[in-house]
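Asker: model this:
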Amino acid sequence: MRVRAFDDLAIRLLVESDHPEIVAIRRTATSEQPDNHSRFVVEFADESTAVVMVGRVSGPGIPSHVRFQIPAEAL
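Answerer: Just a heads-up that it's a prediction; the model follows:
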């Protein structure tokens, strides 16, 4: 699974959960900055936030990389 596919799946599941404490989900990885290690932010009713980040990616075809620098092959 590529990182963008993971983003889509995780966001879709969070939205479908219709959890009353989740008030917003905001993507931080954009077409201008697709390799941003911060993928999305979840905002909660109590004004707290959770940031989903990718620190390391591994698997077939994925080159070694510095933590938090997602290679294009993983996107």
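Asker: how about the residue in the chain sticking out farthest from the centre: what's its closest non-neighbour residue?
Answerer: No residue in the chain sits farther from the centre than D46, which is 21.6 Å out by Cα atoms, centre = their mean. Nearest residue to D46 in three dimensions, chain neighbours excluded: E21, at 7.3 Å (Cβ to Cβ, 6 or more residues apart in numbering). Using the backbone N, CA and C atoms, a C-beta is placed for each residue, glycine as well.
Asker: again with I70
Answerer: Nearest to I70 is D35, by Cβ to Cβ, 6+ apart, at 4.7 Å.
Asker: and the one you found, how far from D46?
Answerer: Using Cβ to Cβ, to the nearest Å, D35 is found at 31 Å from D46.
Asker: parallel or antiparallel, which strands does the helix or strand harbouring V41 pair with?
Answerer: Using DSSP states H and E, V41 sits within strand 38-44. According to DSSP bridges, strand 38-44 forms sheet pairs with strand 22-27 (antiparallel), strand 49-53 (antiparallel).
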